[in-house]
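A.B. asks: Below is the sequence, then the predicted model.
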Amino acid sequence: MSSNTSTFAFSSSGLAPDRATAIWGALRKAIQLVFDGRASSLRFEELYRSSYSLVLHKHGAMLYDGTVALITEQLKKVSRVVVAAPKETLLDVVVNEWNNHKVVMVMIRDILMYMDKTYCKQEKKVPVYDMGLLLFQNHVVRNGSVSIKLRSVLLENIFNERHGEIVDRVLLKNCLSMLVDVAVYNHKVYQQVFEEEFLKHTRNFYAQESQDFISRNTVPDYLVKVEKRLQEEEQRAAAYLDKTTHAKLKAVLHEELIAKYAERLVADERSGAVPMFQADSIANMRRMYALFSRVPSTLDCLRASLGALVRETGTNIVRDQENVKNPTLFVQQVLDCRAKFHSFVVQSFNEDRSFARTLKDGLEHFINLDSRAAQYLSLYIDEMLKKGLKGITEDEVELRLGNVMSIFRYLQDKDVFEDFYKQHLAGRLLSGQSASADVEKAMIAKLKAECGHQFTSRLEGMFKDMELSKQVMEHFTKWKGQLVQSSSSTLSSIVSTVTMSNRDAVAAAKATADTELNVTVLTTGFWPIPVVPDCVLPQPAEQCAKMFADFYMNRHSGRRLTWQTNLGTAELRCKFARGRKELVVHTYQMCILMMYNKGDKFTFAELRDATNIPDAELQRHLLSLAHPKIKVLRKTPNTKSIADDHTFAYNMKYTSKLFRVKIRLLSAAAAKVEPKKVPASVIEARKNRVEASIVRVMKSRKTLDHSNLVAEVLKQLTSRFTVKPAFIKKRIESLIEREYLERDKDDRRQYNYLA
């Protein structure tokens, strides 16, 4: 094996220079024939062996340099052809010459394949095919006349296409691909000959067009134009631009068409963002958002416009005097405002969280300008749950409840809402005006899910009281019926549990047999019950009340019943000159009317002394009975004011088309909630909650500095109401005075918990 190797080495070094020159001469003629398009007459296998022989005998430099010189000579001819080509056919000529050159270089590469594998690698020369492309770059593309002319024709075609003319996109793509491929290892030729000028021309073109268009058209028209232009440029880029240009082109377009005019588009008073919001232009706003999303920084001004408009709209709603007089209208306008802008967030802004947060912040801002919003929302819900849900489907009910809950979430002073909601719920339950117990419970369930069990525990207790009261009344009615119907021989077993004697119980049951009593037993801690003096009930009502009290107390020993006569109603059978009527009245009115069984006329002072009804309530109920549209009583003198000596006479001439008449009660002067002022009852409740929170924190931490204690308390209470640090500081001082806490002896800002 070693003998064969030495023989091969010896034979490889014997090619004489003149013989090498002759071989190269033959190869040169053959390559020229390839350039001339007559390669079919050549025998490529022999040509390959010839190039192999030259390289093998150390004449690779002759072969390589000679090939470079031959290709260069040929490309100079090509360059003259391209320079002479008119503008109209320049791209065709360049592309054809390029394609022909690539075909020729493939053939030459095949002939000189051995040189590529050995000589070029050893000497670190550019491979033949790549060398041919680089030579085309140097002698054709980078020819001063060719590059300028080529760039001009390319840009002119693109300019014409932007103006609506049809161009040969395939030809443009082939030409631009040539600029990329001809550099072999990078994109410098493409960038220097075409891309840099293309981006500059694009910037100038759209700078001028956008300026002209926006000055003569509306914002929506401009947005449509920009959207169309961007689509066209994306199609153009995909059709013939190199992929490295796409991002650069987008950057230029976004800057010239969007970023430069974003603030102007939003702020335009005639057709900008605010007019779009006001006109509910969902589609136009969606287009603006989609375009601005291409340049995220431009969304800031659009968000700012949304936030400012929400605040302005909401502030106008809060300050509108008509809304101050009409809470239902106030809440409805807030709901409409929220629904309007929420539709933009969902449909135009693609539920963008930043826009949703901007809407939330704007709504929270104006809803919490003062405490009336909490009261008004409760009044709105009260009206809705009384009669606003009739004739609508369950889905619609759920939607309405969801809408009011969306407003509730924006309230910072949720405890103010809770205070009013308890009052309104109590009124609905006790008056039987609630449209649906299921809807009431659904509303409470939503409040519970939002704020937790503690928030709704009293509300749920109210419903529990109503259900238990029905059971109590069923037992009481059954017990009373048994007293009346049972024989005296069985009475002892029935009435043995009451405090009255058997005989008194039977007598009371018989005496009140025609009087029907319905009692609702309320738990003091659940219901917002005011403390009022007891009024003097008529004897039949007093007997019924005493009988029920004895019945109830023997079933529930240890409890105490207090009659809330200010919350009751009664049905009276009254005799008039034209027949009997059934009057549905307030308990106080019952006490007043029953007085007329003893006389026909009484002064205000006499009625007050006999009934013990508070002056303000007595006046309201008397004026209701003596109202010009009712006139069950006749007032003398006939004025709205009442003095002690004014008289009220029973009107025997009272008439009504109805047999059963409900006497409407004049509205009491509602407690006025002043702007930015929290009701006193809520302030007291807040004191208790803040102190409870302080104690909870200190009990778990034992020792804590002032700043961290305030921070912990704020964190616990933020879901219920907003509280200032100064308020917390006062409650800390109160707890120190009552010896729940103490200041640290060494650090006055440190607190210690006292067990």
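C.D. replies: Good, I have the coordinates.
A.B. asks: For residue 474, see how far away residue 481 is.
C.D. replies: Per C-beta to C-beta, to the nearest Å, residue 481 is found 11 Å from residue 474. Glycine gets a C-beta too; all of them are placed from N, C-alpha and C.
A.B. asks: whoops, residue 217 was the one
C.D. replies: Residue 217 sits 76 Å away from residue 474 when distances are taken as C-beta to C-beta.
A.B. asks: what's the answer for residue 30, then?
C.D. replies: 119 Å.
A.B. asks: repeat for residue 109
C.D. replies: Taking C-beta to C-beta, one finds residue 109 at 106 Å from residue 474.
A.B. asks: now this structure, which segments are flagged as low pLDDT?
C.D. replies: 1-14, 484-514, 668-677, 755 (pLDDT under 70).
A.B. asks: before we move on, the earlier item: more neighbours, residue 109 and residue 474?
C.D. replies: residue 109 (17 against 10; other C-beta atoms under 10 Å).
A.B. asks: right, and that one touches residue 126 too?
C.D. replies: No - with contact defined as C-beta atoms under 8 Å, residue 109 does not count as touching residue 126 (11.8 Å).
A.B. asks: Where do the strands of the stretch 501-650 of the chain begin and end?
C.D. replies: Secondary structure of the stretch 501-650 of the chain (DSSP state E, counting those that start in this stretch): strands at 569-576, 579-586, 601-603, 633-636, 647-650.
A.B. asks: Pairing partners for the first one, with directions?
C.D. replies: Put plainly, it is strand 569-576. Strands that pair with strand 569-576, judged by DSSP bridges, come out as strand 579-586 (antiparallel).
A.B. asks: And for the last one?
C.D. replies: When pairing is defined by DSSP bridges, strand 647-650 lines up against strand 601-603 (antiparallel), strand 633-636 (antiparallel).
A.B. asks: Now do the last one: distance to the chain's middle.
C.D. replies: Here the centre of strand 633-636 is set off from its chain's centre by 59 Å, with C-alpha atoms, centre = their mean, to the nearest Å.
A.B. asks: List the buried residues for that strand?
C.D. replies: The neighbour-count check on strand 633-636 (16 or more other C-beta atoms under 10 Å) flags 633, 634, 635 as buried.
A.B. asks: The residue nearest to residue 695 when sequence neighbours are not counted: neighbour count?
C.D. replies: With sequence-adjacent residues excluded and distances taken as C-beta to C-beta, 6 or more residues apart in numbering, residue 695 is closest to residue 740, at 6.0 Å. For residue 740, the neighbour count with other C-beta under 10 Å is 18.
A.B. asks: With residue 42 instead?
C.D. replies: Residues contacting residue 42 under the criterion other C-beta under 10 Å number 16.
A.B. asks: same deal with residue 734?
C.D. replies: 15.
A.B. asks: Identify the residue spatially nearest to it, adjacent ones excluded.
C.D. replies: That would be residue 691: by C-beta to C-beta, 6+ apart, it lies 6.9 Å from residue 734.
A.B. asks: May I see the buried residues of the strand or helix carrying that neighbour?
C.D. replies: Element membership of residue 691 [criterion: DSSP states H and E] is helix 680-701. Neighbour counts over helix 680-701 (16+ other C-beta under 10 Å) mark 682, 685, 686, 689, 690, 691, 693, 694, 697, 698 as buried.
A.B. asks: moving C-terminal of it, what's the next helix or strand?
C.D. replies: Counting by DSSP H and E, the element after helix 680-701 in chain order, helix or strand, is strand 703-705.
A.B. asks: partners of that following strand in the sheet?
C.D. replies: strand 750-753 (antiparallel).
A.B. asks: Check which residues of the strand it pairs with are buried.
C.D. replies: Residues 751, 753 are the ones in strand 750-753 that count as buried (16+ other C-beta under 10 Å).
A.B. asks: For residue 173, grab the count of nearby residues.
C.D. replies: Neighbours of residue 173 (other C-beta under 10 Å): 15.
A.B. asks: no wait, residue 420
C.D. replies: 24.
A.B. asks: what's the spacing between it and residue 426?
C.D. replies: With C-beta to C-beta as the criterion, residue 420 and residue 426 are 11 Å apart.
A.B. asks: same deal with residue 194?
C.D. replies: From residue 194 to residue 426 the distance is 81 Å (C-beta to C-beta).
A.B. asks: out of those two, which sits in the busier spot?
C.D. replies: residue 194 (24 against 19).
A.B. asks: For the residue nearest the centre of the chain, give its distance to residue 349.
C.D. replies: Centroid check for the chain by C-alpha atoms, centre = their mean gives residue 356 as the closest residue, at 3.4 Å. Residue 356 sits 8 Å away from residue 349, going by C-beta to C-beta.
A.B. asks: With residue 395 instead?
C.D. replies: Distance from residue 395 to residue 349, counting by C-beta to C-beta: 26 Å.
A.B. asks: ok, these two, which is more surrounded?
C.D. replies: Applying other C-beta under 10 Å to residue 395 and residue 349 shows that residue 349 carries more neighbours, namely 26 against 8.
A.B. asks: Would you list the phi and psi of the more buried one?
C.D. replies: The phi and psi values for residue 349, taken as degrees, to the nearest 10, are phi -100, psi 10.
A.B. asks: That one: what's it in contact with?
C.D. replies: Residues in contact with residue 349 (C-beta atoms under 8 Å, 6 or more residues apart in numbering) are 285, 286, 289, 355, 356.
A.B. asks: Brilliant, that's me finished.
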